[in-house]
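Engineer: here's my sequence, what's the structure:
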Amino acid sequence: MTSSIAGVPVPDTRLVADATDFIKSEESPLLFHHSRRVYLFGMLQGKRRGLSPDPELLYVGAMFHDLGLTEKHRTKDQRFEVDGADRAREFLTAHGIGDEEARRVWTAIALTLRSPSSPPGSRPTFSASATATSTRPTSAP
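Structural biologist: Now for the predicted structure:
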């Protein structure tokens, strides 16, 4: 059964449960709850824009988007967003998620803090890691 927070469904799947358990064990409560809010706001923003994101991939993207801020997952040679994106891709592929889906999540996380003046097409459509998923309009055939 899918649970919901403030009317936003949270998928009840092994992937989501494993992501929740992993992030809860790796991040502070403050960062964990921030990441959950990113998922919730991402789902709300997607609905407002007429998008139909994959809730599981959006959830994993949101949960991993700040993992690179933690001491254990931080590297010295790349931005924290890329560290989180790398861990998310590893997590997804270890859970049997395909390369294309893992790449979309990686891209959304890695481009989280890109400047609005970045070249067109170089950043996610909306809300950082929240669009690590499909961006097909809900009205699309």
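
Engineer: quick check: mean pLDDT of the helix or strand containing F32?
Structural biologist: Secondary structure assignment for F32, by DSSP states H and E: helix 29-48. Averaged across helix 29-48, the pLDDT comes to 92.

Engineer: C-terminal to it, what's the next element?
Structural biologist: Next element after helix 29-48 (DSSP H and E): helix 55-64.

Engineer: elements contacting that next one?
Structural biologist: strand 8-10, helix 14-26, helix 29-48, helix 80-94, helix 99-110 (3 or more CB pairs under 8 Å, 6 or more residues apart in numbering; DSSP states H and E). No exception for glycine: its C-beta is placed from N, CA and C like everyone else's.

Engineer: starting at the chain centroid, how far to the second one?
Structural biologist: So the one you mean is helix 14-26. From the chain centre to the centre of helix 14-26 is a distance of 13 Å (CA atoms, centre = their mean, to the nearest Å).

Engineer: can you lay out the helices and strands packed on helix 55-64 as CSV showing distance to P55?
Structural biologist: Output for the helices and strands packed on helix 55-64, formatted as CSV (distance: least, CB to CB, whole Å):
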stretch, distance to P55
strand 8-10, 7
helix 14-26, 8
helix 29-48, 7
helix 80-94, 14
helix 99-110, 13
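
Engineer: export these to TSV and tack on distance to K72 and mean neighbour count?
Structural biologist: Listed next are the helices and strands packed on helix 55-64 as TSV, based on distance: least, CB to CB, whole Å; neighbours: other CB atoms under 10 Å:
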stretch	distance to K72	mean neighbour count
strand 8-10	25	15
helix 14-26	7	15
helix 29-48	12	17
helix 80-94	10	21
helix 99-110	17	21
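
Engineer: which residues touch S3?
Structural biologist: Applying CB atoms under 8 Å, 6 or more residues apart in numbering to S3 gives the contacts P9, V10, D12.
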